[in-house]
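**Student:** my questions concern the predicted model and sequence given below.
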Amino acid sequence: MLQNLLEPTPLPPSVRANRVAIGSPEYNEILDFLYDEAEMLDNLRLAEWGELLTQDLEYNAPLRHTRSTAQFDQTYIRTVQHLHESYGSMMMRVKRITDTKSAWGEDPPSRVKRMVSNVRVYKTDKADEFKVESYLLVTRSRFDFDYFDLIPCVRYDILRRVQGSLKLARREILLDQVVIGTPNLGIIL
Amino acid sequence: MQKNSQRTLADGTRISDLINLETREVAMRTLSDPELYELEMERIFAKTWVFLGHETEIPKPGDFMIRDLGSDSVLVARDKDGVHVSLNVCPHRGMKISTLDCGNTPAHVCIYHGWAFKPNGDFIGAPVEKESMHGKLLSKEQLGLKKARVAIYGGLIFATWNIEGPSFEEFLGDAKWYFDTLWCRTDKGMEVLGPPQRFTIRANWKTACEQSASDGFHVLTLHRWLSEVGPYRKPGSEGGGGDLTPEMYGSEVYTAHAHTMRCIELDRKIRRLTGKDPSELSVKEKLEALPPPGVTQEMIPELLRNLSEDQLKIITWRPPQVGNFFPNGLFEFVYIPTPDGVVGVMALHAYVPKGPDKLEFVNWILAEKDTPPELKATMLRLGVQLLGTSGMVEQDDSDTWPHQTIAAKGAVSKHITLKYQAIYETGKPEGWPGPGDVGDGFTKDDTQWRWWQYWHELMTAES
């Protein structure tokens, strides 16, 4: 019962026949969206990023477990997660950075590159929504540390066309690490 | 006084000289010294009881999970007799027995040479029994996994390698009276809402753990954003004008084995919720106005039945809200103001040592088993948003500890001292019925100082 309350809305299937061809105008528009979003976040244009979100946003990052190959489907945990956000809580994260003088975990901010690749777009049974899969490799540099924290993940997004513009309505982030190798997820993925 | 080389580091420094018991100072080098780290693993983590998880993580016979007991990987597994904790290392050739995080199996079979063990650690056998791979010099009874001693308390799993040492109750000491109000208050007890979050911080375990011993002062500055846009922001106040000092009043409890807690006053909240002077309200009325985290109106009769009058007085006046289990556990039972009213969040952390300069932060989120599912879901989401990996509060902590760890290596800075000189000048508050050492009023350093006193005691003890 708890599980049902916590589970995000199931994502539509990735059906090959529904693929939006690479290089098509719709695909290019979505690729632009992802690149522009990465640029906004890399450059701390967080309030602007917030305008890309729909009010019914679901944004989550499951835990991962090391399980046997036969139990691969059980390596994703969607009860306790690393991120389990709504529009309201995401905007609180944004405001913590933009509207306070004390968001020390990201002040001074990390230098971050969000490298987006392997983008595949699917039509869904809703005419105004696309399912978008992308790989994301985040490099994070803090202070004068001589190493980068690497955060590799896959993102499953629902992009919705609202009054002509694409908005992010849903994002699930599947991280590769069981034990996350960066001291916090104080940056947006 | 202590000439024993066991209590002297390679450069001649005596461990007892790292701490000045009179002036309440700790040499900075203590936070990162590799030699001290090795000694801590033996003298603290192989000696005391250590928090490993919650029994609801492994509810069925055969369920298991892999955890860290200090610097050693352990198998925490259930069979029909209960929960067992064994070294996750094959006694044959030292291979890690289970390389998974969790699962269910009646037999743990080492993938190297096939030796098999029961959930309780007993040796079942090796392949090709008639050819005696395990030899004839040792009996099967002697070839089991090394077993730790286990205690289950309010659903929490603790274990120790100190088989003949103090009982778990002795280890808790005076803290038990208070902890019972958290872990043993309802009939069915608590459950985890899922497996724990885990992430790595490049910091010494003690940076997190000395803070976990009820550091109140850091909230004012490190977590100041809470008063700027967060749930504690006063209506009408501009960003930067926030003040968290009202949250710093209450009682702080510190006990002989350095389990400590901050018991933060609820009077303001109860006054706001009821419009009445809390002194005019009964315990029951106060519980109904502001039930503890995860507790509903229907569960209040259980609290009235399971706790003593004195314990009820504490939980409706100044309940333990944050505190620690020495050496590396932390608990939070916090009351978070939200637009929909006050919501409780309950979390447990373990700060697992992973070398002198690294720790693993493990974060469990809990509720009462009888907490309604909708409230569990709200508590869980709020917990994830404020605490742990992405927590808006705790990300500030995890970004701080690495700097302390690095500073502890400087040729000069390693000799400066951490200071714990804000001292309670009052005794227990009037009418305080609980045991242990108790300070009254605004937060002080006594709880954290107690943490270091016990660290010192263990690190310099005759073994």
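**Tutor:** Perfect, thanks for sending it. Numbers count the residues shown, from 1 in each chain, chains lettered A, B, ... in the order given.
**Student:** how many residues are close by A:D107?
**Tutor:** A:D107 is flanked by 16 other residues according to other CB atoms under 10 Å in any protein chain shown. Heads up, the C-betas are built off the backbone N, CA and C, glycines and all.
**Student:** ok, the nearest residue to it once chain neighbours are set aside - contacts?
**Tutor:** Excluding the flanking residues, the one nearest A:D107 by CB to CB, 6 or more residues apart in numbering or on different chains is A:I97, at 7.5 Å. Neighbour list for A:I97: A:44, A:46, A:103, A:106-107, A:109 [criterion: CB atoms under 8 Å, 6 or more residues apart in numbering or on different chains].
**Student:** at 7 Å instead, please
**Tutor:** Contacts for A:I97 were tallied using CB atoms under 7 Å, 6 or more residues apart in numbering or on different chains; they are A:46, A:103, A:106.
**Student:** didn't B:L9 look like it was pressed against B:E35?
**Tutor:** Yes: using CB atoms under 7 Å, B:L9 is in contact with B:E35, at 5.3 Å.
**Student:** can you list the strands that the helix or strand hosting B:V150 pairs with?
**Tutor:** Per DSSP states H and E, B:V150 falls inside strand B:149-153. Partner strands and pairing direction for strand B:149-153 (DSSP bridges) are strand B:156-160 (antiparallel).
**Student:** following element in sequence after the strand it pairs with, please.
**Tutor:** Sequence order places helix B:168-172 as the next helix or strand after strand B:156-160, per DSSP H and E.
**Student:** what bits of the stretch 1-150 of chain B have low per-residue confidence?
**Tutor:** Across the stretch 1-150 of chain B, the ranges flagged by pLDDT under 70 are B:1-6.
**Student:** so what's whatever residue of it ends up closest to chain A up against?
**Tutor:** For the stretch 1-150 of chain B, the residue closest to chain A is B:D101, as judged by CB to the nearest CB, at 4.5 Å. Residues counted as contacts of B:D101 (CB under 7 Å, 6+ apart) are A:65-67, A:178, B:65-66.
**Student:** now swap in B:G439 and tell me
**Tutor:** Going by CB under 7 Å, 6+ apart, B:G439 touches B:251-252, B:424, B:426, B:446.
**Student:** of these, which is the most crowded?
**Tutor:** Within these, B:E252 tops the neighbour count with 30 neighbours, counted by other CB under 10 Å.
**Student:** doesn't that residue fall inside a helix?
**Tutor:** No: counting by DSSP: H, G, I helix; E, B strand; the rest coil, B:E252 is located in no helix; its state is strand.
**Student:** now it: how far from chain A?
**Tutor:** Plainly put, B:E252 is 24 Å away from chain A if you go by CB to the nearest CB, to the nearest Å.
**Student:** which outside residues touch the strand holding B:V150?
**Tutor:** Under the contact criterion CB under 7 Å, 6+ apart, strand B:149-153 has outside partners B:49, B:55, B:83-85, B:157-160, B:163, B:168, B:183.
**Student:** one more: stretch B:398-406?
**Tutor:** A:104-105, A:183-184, B:31-32, B:201-204, B:207-208, B:222, B:357, B:361.
**Student:** what's the average pLDDT for that stretch?
**Tutor:** Averaged across stretch B:398-406, the pLDDT comes to 96.
**Student:** check stretch A:109-119 too.
**Tutor:** 98.
**Student:** CA atoms only: put that stretch into CSV for me.
**Tutor:** The C-alpha coordinates for stretch A:109-119 follow below in CSV (Å, rounded to 0.1, in the frame of the first residue of the first chain):
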residue,chain,number,x,y,z
PRO,A,109,29.0,26.6,-6.3
SER,A,110,30.4,23.5,-7.8
ARG,A,111,31.7,23.8,-11.4
VAL,A,112,29.6,21.3,-13.2
LYS,A,113,29.3,19.9,-16.8
ARG,A,114,26.2,18.0,-17.8
MET,A,115,27.1,16.0,-20.8
VAL,A,116,24.0,14.7,-22.5
SER,A,117,24.2,11.9,-25.0
ASN,A,118,22.4,8.7,-26.4
VAL,A,119,19.2,10.7,-26.7
